[in-house]
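Visitor: Make a model of this:
(chains A and B)
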Amino acid sequence: MHIMEGFLPPEWCIVWFVISIPVLVYGIYKLTKITKKVPEAKPLLALMGAFIFVISALKLPSVVGSSSHPTGTGLAAVFFGPAVAGVLSLIVLVFQALLLAHGGLTTLGANVFSMGIAGPAVGFAIWMIFKRAKLSPSVGIFTSVALSDLVTYVVTSIQLALAYPSEGSVLAAFTKFAAIYAVTQIPIAIAEGIVAVLIFSFLAKHKGNILSLLKVIKSPVSNVDKEVN
Amino acid sequence: MSHSDLYAEVDRSAYTNAIAKSSPITKTFFALSTLAICVFAPTFVPTFIVPIIVFILCTILILGVAKVKLRLYLNLLIYPTIMAAISCIFLALFFGTGDPIAQFSLPWTTWSIYKSGILTSVITFFRVEGALSCLFFLILTTSITDLSLILRRVHVPKVLLEISLLIYRYIFVFLEVAEQMTIAQLMRLGKGGWMKRIRGFALLAGNLFIRSLEQAERTFTAMNARGYDGPIYVLEDFPKSNKLMLIVIVLFNVLFALVVYMLYLTNFGVL
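Guide: The predicted structure is shown next:
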């Protein structure tokens, strides 16, 4: 979903930066709090970042100035909250622009908004609903990760459509962009959801102490599905 | 060339190119200001002259001054260029407003091609190429360590820098663990047959994260044992920025921007 360097017209570059910056500032504040309170979470935090980097570099080309790939930010949102997921995406997107020329510096604002803010926010909301309703955490993780992946692509389609309206209509352009993404993205979202469930149950089993310190699960447990919450 | 090879080579080039030792501030300033001009140049018909000039300038600097290998530069350039080309063809064929220049009746709809769509796509293509060359200049000549020093100087929050450096390190941990596990699977005939391949991939994906986390925690413990409590200190081997060079870059870019803007004001070929 990374929109490539120079693909967005200048006014839209600025708009997405302006929207993303307040959330990132709040995210940095949250990040400072987490690292002060739970220093043990630092390796997990940084590894989540590396995970987002690697998983979102597994891209299939897509024809709309962008590509199709898993995002990995849904899981980060569940662990650390959407604002911190936004900061992790910011770091990862800068590294991807600088090391892989994947995405870009001028399109950074737009990319951070779709991958780091909109997607994780939805994923986190769904996770909270599952947690409150005491439903199966595995299903919750799958749903929130898969949906946060899909929402990211819906937002990217909106961003592209706003910048390049078709026949003067944003909606018509959105349909075109979204239709192209849907082909590759729905299977990718499902696969990402499954991988996230695997990782989550591994972590709950072996690193339950960190997850409970982060208040993702109540207590370190051995059987995830039965005893969470 | 696979992904991980490519970016290991970019990383290597950032440390070993001919101008690796010159001031990162000068290089970053040049790359970012040129990038800004390239992207923010107003849209008018000969507008792709601006990105073309930027592209030629950056290419000369990358290949001639920094002496980056042509093969690496082309390898880096080819994938985004193909992507940009496909995307722009898509824009040209399906987007635009005004009077259609061509129309085809299809059974379910009419497909129209517009002049404005084609213009937008051409301008976008050149803008992408120009912007890419600025980005490549930055990443091929300046190392992540140098960039992080610049970020420290402009007072980016400490926690952000700390997590960035950890992420940068853990990306390589991740890739190393993945490679080890792939080799281990290959040796045990884990890729003999389609079903085994799928099962192998699932095992790899599931275990990769937990293995890397263990590795990362060992690194973290080792760092703690050496007195790590927040900021990661790097030896600041910071070359002095060349004032003359900076002034030349500022003058050049201001002049460049002015010329572009004057052309725009005098309605030189405005759409």
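
Visitor: And A:V92, what's its pLDDT?
Guide: pLDDT for A:V92: 92.

Visitor: Kindly report the same for the one 10 residues further on.
Guide: Turning to A:H102, the model gives it a pLDDT of 79.

Visitor: Helix, strand, or coil at it?
Guide: coil (DSSP: H, G, I helix; E, B strand; the rest coil).

Visitor: How about the contacts made by the closest residue to it other than its chain neighbours?
Guide: Using CB to CB, 6 or more residues apart in numbering or on different chains and skipping residues adjacent in sequence, the residue nearest A:H102 is A:Q96, 4.3 Å away. Backbone N, C-alpha and C define where each C-beta goes, glycine included. By CB atoms under 8 Å, 6 or more residues apart in numbering or on different chains, the residues touching A:Q96 are A:H2, A:F53, A:S56, A:A57, A:H102, A:G103.

Visitor: Pretty sure B:I139 sits against B:V10.
Guide: Yes: assessed by CB atoms under 8 Å, B:I139 is found in contact with B:V10 at 5.8 Å.

Visitor: Show me whatever sits in contact with both of those two.
Guide: Common neighbours of B:I139 and B:V10 (criterion: CB under 8 Å, 6+ apart): A:L99.

Visitor: Comparing the two, which residue is more hemmed in?
Guide: Neighbour count, other CB atoms under 10 Å in any protein chain shown: between B:I139 and B:V10, B:I139 has more, with 23 against 20.

Visitor: backbone phi and psi for the more buried one, please?
Guide: The phi/psi pair for B:I139 (degrees, to the nearest 10) reads phi -80, psi -20.

Visitor: hmm, the helix or strand hosting B:L6 in reach of chain A?
Guide: Here B:L6 sits within helix B:3-16, counting by DSSP states H and E. Yes: residues of helix B:3-16 are located near chain A by CB under 8 Å from any CB of the partner chain, namely B:H3, B:L6, B:Y7, B:V10, B:D11.

Visitor: Throw these into TSV and include pLDDT, thanks.
Guide: Below are those laid out as TSV (pLDDT from 0 to 100):
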residue	pLDDT
B:H3	54
B:L6	74
B:Y7	73
B:V10	84
B:D11	83
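
Visitor: is it possible to export these to CSV including distance to A:K215?
Guide: Listed next are the residues of helix B:3-16 next to chain A as CSV, based on distance: CB to CB, whole Å:
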residue, distance to A:K215
B:H3, 36
B:L6, 40
B:Y7, 35
B:V10, 39
B:D11, 37
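
Visitor: hey, where'd the strands end up in the chain?
Guide: All of this is about chain A. Along chain A, counting by DSSP state E, strands occupy A:60-62, A:66-68.

Visitor: meant chain B actually
Guide: Under DSSP E, chain B gives strands at B:100-105, B:110-114.

Visitor: Highest mean neighbour count out of these?
Guide: Sort these by mean neighbour count, taking mean count of other CB atoms under 10 Å in any protein chain shown, and strand B:110-114 sits at the top with a mean of 15.

Visitor: Partner strands of it, with direction?
Guide: Paired neighbours of strand B:110-114 in the sheet (DSSP bridges): strand B:100-105 (antiparallel).

Visitor: what's in contact with the partner strand?
Guide: B:T110, B:W111, B:S112, B:I113, B:Y114, B:K115, B:I118.

Visitor: re the thing from before, of all the strands of chain B, which one comes closest to B:M187?
Guide: strand B:110-114 (54.2 Å; CB to CB).

Visitor: Just the mean pLDDT for the closest one, thanks.
Guide: 76.

Visitor: cool, stretch B:197-210 as well?
Guide: In the prediction, stretch B:197-210 has an average pLDDT of 74.

Visitor: I would like the residues contacting that stretch, please.
Guide: Residues from elsewhere that reach stretch B:197-210, judged by CB under 8 Å, 6+ apart: A:47, A:51, A:195, A:198-199, A:202-203, A:206, B:174, B:177-178, B:181-182, B:185, B:190-191.

Visitor: how about 10 Å then?
Guide: A:44, A:47-48, A:50-51, A:54-55, A:75, A:191, A:194-203, A:205-207, B:174-175, B:177-178, B:181-182, B:184-186, B:188-193, B:211 (CB atoms under 10 Å, 6 or more residues apart in numbering or on different chains).

Visitor: Now the residue with the largest distance to the centre of chain A. Nearest residue, chain neighbours left out?
Guide: Relative to the centre of chain A, and counting by CA atoms, centre = their mean, the farthest-placed residue is A:E167 at 31.4 Å. Nearest in space to A:E167, with sequence neighbours left out and distances taken as CB to CB, 6+ apart, is B:T97 at 5.7 Å.

Visitor: Could you measure from that neighbour over to B:K115?
Guide: Using CB to CB, to the nearest Å, B:T97 is found at 9 Å from B:K115.

Visitor: again, but for B:A225
Guide: Relative to B:K115, B:A225 is positioned 67 Å away (CB to CB).

Visitor: Settle it for me: which of those two has more neighbours?
Guide: Applying other CB under 10 Å to B:A225 and B:K115 shows that B:K115 carries more neighbours, namely 16 against 8.

Visitor: Show me the helices in the stretch 101-250 of chain B, by range?
Guide: Using DSSP state H, counting those that start in this stretch, the helices found in the stretch 101-250 of chain B span residues B:115-141, B:144-153, B:158-187, B:194-225, B:243-265.

Visitor: from these, which stretch is densest packed?
Guide: Most buried among the helices of the stretch 101-250 of chain B, counting by mean count of other CB under 10 Å: helix B:115-141, with a mean of 23.

Visitor: which helices and strands sit right next to it?
Guide: For helix B:115-141, the elements it packs on are helix A:82-100, helix B:3-16, helix B:24-40, helix B:49-60, helix B:70-94, strand B:100-105, judged by 3 or more CB pairs under 10 Å, 6 or more residues apart in numbering or on different chains; DSSP states H and E.

Visitor: Among the contacts of A:Q96, which one sits closest to B:T81?
Guide: Using CB to CB, the contacts of A:Q96 come closest to B:T81 at A:H102, 13.7 Å.

Visitor: okay but that closest one is in contact with B:I139, surely?
Guide: No: contact criterion CB atoms under 10 Å: A:H102 and B:I139 do not qualify, at 11.1 Å.

Visitor: Find residues that contact each of those two.
Guide: Shared contacts of A:H102 and B:I139, defined by CB under 10 Å, 6+ apart, comprise B:Y7.

Visitor: who touches residue 214 in this structure?
Guide: Since you didn't name a chain, this refers to chain A. Neighbours of A:L214 in contact, by CB under 10 Å, 6+ apart: A:I34, A:K37, A:V38, A:E40, A:A41, A:L44, A:L45, A:V78, A:F79, A:F80, A:G81.

Visitor: The intended chain is chain B.
Guide: If you count contacts by CB under 10 Å, 6+ apart, B:E214 has them with A:P43, A:L47, A:H206, A:K207, B:V177.

Visitor: how close does the closest residue to the third one other than its chain neighbours get to B:M181?
Guide: Once its chain neighbours are removed from consideration, A:H206 has its nearest residue in B:I210; the separation is 6.4 Å (CB to CB, 6+ apart). Here the distance between B:I210 and B:M181 works out to 11 Å (CB to CB).

Visitor: try A:L135
Guide: Computed as CB to CB, the A:L135 to B:M181 distance reads 33 Å.

Visitor: Equivalent analysis for B:C134, please.
Guide: 38 Å.
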